[in-house]
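*Asks:* no FASTA, just this:
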């Protein structure tokens, strides 16, 4: 399904009982809403599950000009408004986790709970040379003329743990091969401008932090920083998982997320009639 929100055509799916509390899932950079397929069956038994493609990803409209986390958070706000959703449980992985931190800082009353997965508080405390290196390692191959298909296999090996299945590797390879270079570059530049350290102490909703024990993109230390600066946050470290815990270890991930959401289910709204 598609709907116009914040001036762009956004692709989304809705699954689960119409009168159930809403859970919104925000995917990582260079993927799309299908990243959450391993969670859909379990969550949609008890929740109304909203998945959407971030601007420039999947089947959502590509726009020119600079991206920012504020822009991506405003896209999310407009989508919720267009669908008649008041307060939702938010689950975000990597870039998705940054989007929902930005969203919380602007619209805390629209958030029932937060689940921050394999993400960080941003680049605010990172030296400039580290930011440059972060961008260079991701952009230089494309600037040299390589295509997404060319770089996909090596990127996959950075994202997943050593024991990740062939099926997970192939899913990620296909996703990365299909990425659109312009939005990818814009999203990377948006990521290195992030700094949510001031948002964390403001969070008053129940929060779950999940990280793969073998994540080298946003390592466990980044998640430990989140937990240290969030009041009463729960923390789950999943063995044998890299940066995409929900894909690599779906059973452990679903158990942790499901238990957390079930404790706080009724904090979220059901969708209003549209």
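*Replies:* Great, that's in hand. In this text the structure is predicted, and so the values were computed from the model without any measurement.

*Asks:* out of everything not next to it in sequence, what's closest to the one residue sitting closest to the centre of the chain?
*Replies:* Nearest to the mean C-alpha position of the chain, counting by C-alpha atoms, centre = their mean, stands residue 96 at 2.2 Å. The shortest distance from residue 96 to any non-neighbouring residue, by C-beta to C-beta, 6 or more residues apart in numbering, is to residue 26 (3.2 Å). Backbone N, C-alpha and C define where each C-beta goes, glycine included.

*Asks:* which residues does the one you found contact?
*Replies:* Applying C-beta atoms under 8 Å, 6 or more residues apart in numbering to residue 26 gives the contacts 52, 54, 76, 90, 91, 92, 93, 95, 96, 97, 99, 100.

*Asks:* and with 10 Å instead?
*Replies:* 33, 35-36, 50-52, 54, 72-73, 76, 90-100, 103, 115, 117, 119 (C-beta atoms under 10 Å, 6 or more residues apart in numbering).

*Asks:* show me where the stretch 51-200 of the chain has strands.
*Replies:* For the stretch 51-200 of the chain, applying DSSP state E, counting those that start in this stretch gives strands covering 88-93, 111-117.

*Asks:* Would you mind finding the most buried of these?
*Replies:* Among those, strand 88-93 has the highest mean neighbour count (mean count of other C-beta atoms under 10 Å), at a mean of 28.

*Asks:* is the residue nearest to residue 36 when sequence neighbours are not counted in a bridge, and if so with what?
*Replies:* Spatially, and ignoring its direct neighbours in sequence, residue 36 is nearest to residue 25 (4.6 Å; C-beta to C-beta, 6+ apart). Note on residue 25: beta-bridge partners by DSSP bridges are residue 51, residue 91.

*Asks:* List the residues that contact the residue nearest to residue 9 when sequence neighbours are not counted.
*Replies:* Closest residue to residue 9 apart from its sequence neighbours, by C-beta to C-beta, 6+ apart: residue 61 at 4.5 Å. Contacts of residue 61 were listed using C-beta under 10 Å, 6+ apart, and they are 2, 4, 7, 8, 9, 10, 11, 53, 55, 75, 183.

*Asks:* Show me the strands paired with the helix or strand hosting the fifth one, marking each as parallel or antiparallel.
*Replies:* This means residue 9. Assigned by DSSP states H and E, residue 9 belongs to strand 8-15. If you go by DSSP bridges, strand 8-15 pairs up with strand 2-5 (antiparallel), strand 48-52 (antiparallel).

*Asks:* could you redo those strands as a markdown table and give each row mean neighbour count and mean pLDDT?
*Replies:* As requested, the strands paired with strand 8-15 are exported to a markdown table (neighbours: other C-beta atoms under 10 Å; pLDDT from 0 to 100):
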| stretch | mean neighbour count | mean pLDDT |
| --- | --- | --- |
| strand 2-5 | 15 | 97 |
| strand 48-52 | 26 | 98 |
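
*Asks:* Arrange those strands in a markdown table, one row each, with distance to residue 81 as further columns.
*Replies:* A markdown table is the format used below for these (distance: least, C-beta to C-beta, whole Å):
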| stretch | distance to residue 81 |
| --- | --- |
| strand 2-5 | 7 |
| strand 48-52 | 13 |
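
*Asks:* quick one, which of those is nearest to residue 269?
*Replies:* Residue 269 lies closest to strand 48-52 among these, at 9.5 Å (C-beta to C-beta).

*Asks:* my guess is residue 258 meets residue 44, correct?
*Replies:* No - between residue 258 and residue 44 there is no contact under C-beta atoms under 10 Å: 11.5 Å.

*Asks:* Near residue 196, how many other residues are there?
*Replies:* By other C-beta atoms under 10 Å, 25 other residues sit near residue 196.

*Asks:* hang on, isn't it packed against residue 104?
*Replies:* Yes - in this structure residue 196 lies within contact range of residue 104 using C-beta under 10 Å: 8.6 Å.

*Asks:* so how far is the strand holding residue 9 off the chain centroid?
*Replies:* Distance of strand 8-15 from the chain centroid (C-alpha atoms, centre = their mean, to the nearest Å) equals 15 Å.

*Asks:* Tell me the one among the contacts of residue 61 nearest to residue 110.
*Replies:* For the contacts of residue 61, the nearest to residue 110 is residue 75 (13.6 Å; C-beta to C-beta).

*Asks:* what's near enough to touch the residue nearest to that closest one when sequence neighbours are not counted?
*Replies:* Closest residue in space to residue 75, ignoring its immediate chain neighbours: residue 6 at 4.8 Å, by C-beta to C-beta, 6+ apart. Neighbouring residues of residue 6 by C-beta under 10 Å, 6+ apart: 55, 63, 71-79, 81-82.
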